[in-house]
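Chemist: sequence plus the predicted model coming up.
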Amino acid sequence: MGRQKGHFITEQILEDYAKYLSMDEKSSATIRKYICDIKKLMKYANGHIITKELVVAYKESLRTSQKYKLSSINSFLVAANRLFEYLGWYGIRVKTYRIQKEVFMPADRDLSKAEYKRMVQTALKKGNKRLAMIIQTLCSLGIRASELSGITAESARNGTAEVFCKGKQRKILIPRKLQKLLLKYINENNIKSGIIFRTSTGKAVDRSNIWREIKSIGRDSGIVESKIFPHNFRHLFAKIFYQKNKDIAKLADILGHSNIETTRGYIKTTSDEYQKQIDLMGLV
């Protein structure tokens with residue numbers, strides 16, 4: 001018996017869609033996430049026709065399962081909607097959940113300056129100088145792990161670096177203390193030119209490897225695991241920069257944000273700090 005007519009998501013569709021995303025210059029990480037998210041819908045459909053009713057039920061099942069945050073569910077729905085648009089299935093797109101922005105950061109994700117420095121010291125004590133340098137570079141420059149390839153021997157020497165991510169290039173200044181550390185590091189490791197943090201084949205270190213090493217050194221440092229991820233060093237940079245300068249527009253430029261609302265998410269205070277602020281208002 002032939003397959004019933006209607007909308008089905010097949011492995012061939014996923015393969016073609018991945019090629020389309022690649023030609024649309026989406027990053028490999030973005031493509032992997034889209035495909036992974038779409039496979040969640042495929043699993044839910046379990047071979048049934050993809051209808052608007054099924055996708056609405058899928059959306060509700062994600063919410064009621066309590067396995068995912070609404071922000072994560074929205075990312076799954078966006079991935080599905082974009083596939084539907086690619087396929088011309090406009091009538092089965094669904095709305096994402098509306099989420100009111102939190103005015104404070106959860107305390108269990110707020111990495112402190114002291115904790116960051118403790119991770120650096122732990123890495124040095126364990127003889128992992130490369131990791132200590134990577135952590136300091138990520139934090140003191142406020143860059144993404146994917147932008148580490150822009151930190152080269154040449155940039156260490158001239159004090160500026162050009163990093164590239166998400167189709168945008170920007171120039172950043174390297175703090176003098178970090179510059180001295182980088183120069184010492186490249187001299188010790190006989191790095192004459194090119195990427196500083198690289199594999200034995202000369203390629204930039206893999207982000208997944210950096211993640212694993214940082215997770216491990218964070219645990220060894222006695223830090224809550226929810227605080228330990230490479231992007232949190234970028235958040236710490238943003239928080240400290242804003243505390244000292246109070247210039248969110250300048251911070252957005254430094255971080256490479258085209259939307260200042262994105263930057264606002266980086267400078268939230270913790271719930272404890274927010275509590276102190278509203279208590280000081282003296283309205284009760």
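Modeler: The structure has been received and is ready for your questions.
Chemist: tell me the phi and psi of Cys165?
Modeler: Backbone torsions for Cys165, taken as degrees, to the nearest 10, come to phi -160, psi 140.
Chemist: could you do the one 4 residues further on as well?
Modeler: In this entry, Gln169 is assigned phi and psi values of phi -120, psi 140 (degrees, to the nearest 10).
Chemist: ok, the spatially closest residue to it that is not a sequence neighbour - contacts?
Modeler: Distances taken as CB to CB, 6 or more residues apart in numbering put Glu162 closest to Gln169, at 5.9 Å, once the chain neighbours are dropped. In short, each C-beta sits where N, CA and C put it, glycine included. With contacts defined as CB atoms under 8 Å, 6 or more residues apart in numbering, Glu162 is in contact with Gly150, Ser155, Gln169, Arg170, Lys171, Ile172.
Chemist: again with Glu213
Modeler: By CB under 8 Å, 6+ apart, Glu213 lies in contact with Asn128, Leu131, Ile134.
Chemist: residue contacts, the last one?
Modeler: Read it as Ile134. Leu148, Phe197, Val205, Ile210, Glu213.
Chemist: could the contacts of Glu213 go into JSON lines alongside pLDDT?
Modeler: JSON lines is the format used below for the contacts of Glu213 (pLDDT from 0 to 100):
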{"residue": "Asn128", "pLDDT": "95"}
{"residue": "Leu131", "pLDDT": "96"}
{"residue": "Ile134", "pLDDT": "97"}
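Chemist: helices along the stretch 101-250 of the chain, start to end?
Modeler: For the stretch 101-250 of the chain, the helices defined by DSSP state H, counting those that start in this stretch cover 113-125, 129-141, 153-158, 176-188, 207-220, 231-245, 248-255.
Chemist: ranking these by mean neighbour count, which comes first?
Modeler: Compared across the helices of the stretch 101-250 of the chain, helix 129-141 shows the largest average neighbour count, a mean of 22 (mean count of other CB atoms under 10 Å).
Chemist: could you tell me the angle between that helix and helix 207-220?
Modeler: Helix 129-141 runs at 100 degrees relative to helix 207-220, counting by axes from the mean of the first three to the mean of the last three CA atoms, to 10 degrees.
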